[in-house]
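**Q** With the input below, show me the fold.
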Amino acid sequence: MEISSKQITVGTLLEEKKADWQLELLAGHNGLETNFISTPDINRPGMALAGYTGVFLRERIQIVGSTELSYLENLSLEQYAQAVRTLLELKPVAVIITKKLPVAEVWIQEGNRLGVPIIRTPLDTTPFIHLLSVFLDYRLAPETYIHGDLVDVFGVGLLITGESGIGKSECALDLVDRGHRLVADDLVRVLRRGTGILMGYPAAKSPALAHHIEVRGVGIVDVYSLYGVRAIRIQKRVEVEVRLIQWQSGVECERAGIEEQYSEILGVKIPLVTIPVVPGKNLALVHEVIAKNHILKVFGYFPARRFNDELMRVMSKSPIDPYITEDQE
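**A** Numbers count the residues shown, from 1 in each chain. Next comes the predicted model:
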């Protein structure tokens, strides 16, 4: 499984969000394609403007709001210019001015000289930081591609995996026919959001190519055309991996379900259920049970453990039940 390390240029950020955030490039045009953003974290450069540059996170986008600019305006012109020069000579990836605040000419001059893009937005500082963090968290999220199907079953994202030809697509189609929703067939694009959430998407290069299923012997099936918009989703959290394996004599599978098995994707562990496949087995029904069972566990109810606890309790009692010894019949 390959994990992609991602980064985007400042130019890409400007191109993709210019209209939404009304971004305006003030200076540093020559740094748009050479400065790369590799972290969703941002930084407020107050300490650097005050002269302390011992720990400066240059790889982060620097957000300058009214707090930083009001501090600078209390300095002399020479001190103001030196503070800006000190900040930009640290070569931050970019500086974004919020609230459409006016900036002194020194920002433009030093931004152009040092190739640091100076961008301005009319958005307020805190909402803008939230928007920027969410956008960068999505664009820079670690990703991988998994051979399988992703289906929303009762609100639970089931990632169906297994060797080629074992029946993943037919199982997904059967689930769609029973009213569940297809996210992706054959290849699933998985992104890690935050620290512990996996999101699955179709791997198709365009929306028109998504939500198709290849059924061997039939061909390509368009799920949207056959079942309507309620049968598809454009994204879903990946919550359980269901691994289909060919049944063979001697293959060991979990019988009681007491011990949880896990799969790790992009460093995130999710429950793993391994299902041996035999002819005639109702796989769609089994997947529905897996989804419902997962919901029960989310609410803290583990049926297999409860069954086992009750069984152990009964077995620990006296072998002679009063029901039998006191029976007068």
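**Q** Run the chain-centre distance for stretch 290-305.
**A** Its chain's average C-alpha position is 24 Å from that of stretch 290-305, according to C-alpha atoms, centre = their mean, to the nearest Å.
**Q** cool, and stretch 16-30?
**A** 26 Å.
**Q** got it, and stretch 46-62?
**A** For stretch 46-62, the separation from the chain centroid amounts to 30 Å (computed by C-alpha atoms, centre = their mean).
**Q** end-to-end on it?
**A** Distance between the two ends of stretch 46-62: 10 Å, counting by C-alpha to C-alpha, to the nearest Å.
**Q** what's in contact with it?
**A** Residues outside stretch 46-62 that contact it (C-beta atoms under 8 Å, 6 or more residues apart in numbering) are 37-39, 41-45, 67-68, 71-72, 83-84, 86-87, 90-96, 132. C-beta here means a position set from N, CA and C on the backbone, and glycine is covered the same way.
**Q** Now do the contacts for the residue positioned nearest the centre of the chain.
**A** Nearest to the geometric centre of the chain sits R193, at 3.0 Å (C-alpha atoms, centre = their mean). Contacts for R193 (C-beta under 8 Å, 6+ apart) come out as 137-138, 141, 199.
**Q** Show me which of these are buried.
**A** Among the contacts of R193, those scoring as buried are 137, 141, 199 (criterion: 16 or more other C-beta atoms under 10 Å).
**Q** What strand or helix carries the first one?
**A** I take that to be D137. Here D137 sits within helix 125-139, counting by DSSP states H and E.
**Q** Point out the other helices and strands that the helix or strand that that helix is followed by packs with.
**A** Using DSSP H and E, the helix or strand that directly follows helix 125-139 along the chain is strand 143-147. In terms of contacts (3 or more C-beta pairs under 8 Å, 6 or more residues apart in numbering; DSSP states H and E), strand 143-147 is packed against strand 156-162, strand 187-193.
**Q** mind redoing it with 6 Å?
**A** Here strand 143-147 is seen to pack against strand 187-193 when contacts are counted using 3 or more C-beta pairs under 6 Å, 6 or more residues apart in numbering; DSSP states H and E.
**Q** Partner strands of the strand it packs on, with direction?
**A** The strands that strand 187-193 pairs with in its sheet are strand 143-147 (antiparallel), strand 197-202 (antiparallel) (by DSSP bridges).
**Q** Not counting sequence-adjacent ones, nearest residue to Y227?
**A** Using C-beta to C-beta, 6 or more residues apart in numbering and skipping the chain neighbours, the partner closest in space to Y227 is V176 (5.8 Å).
**Q** Got phi/psi on the one you found?
**A** V176 adopts backbone torsions of phi -60, psi -40, taken as degrees, to the nearest 10.
**Q** can you tell me which residues contact it?
**A** 182, 223, 227, 231 (C-beta atoms under 6 Å, 6 or more residues apart in numbering).
**Q** how close does it get to R85?
**A** Separation of V176 from R85 (C-beta to C-beta, to the nearest Å) stands at 61 Å.
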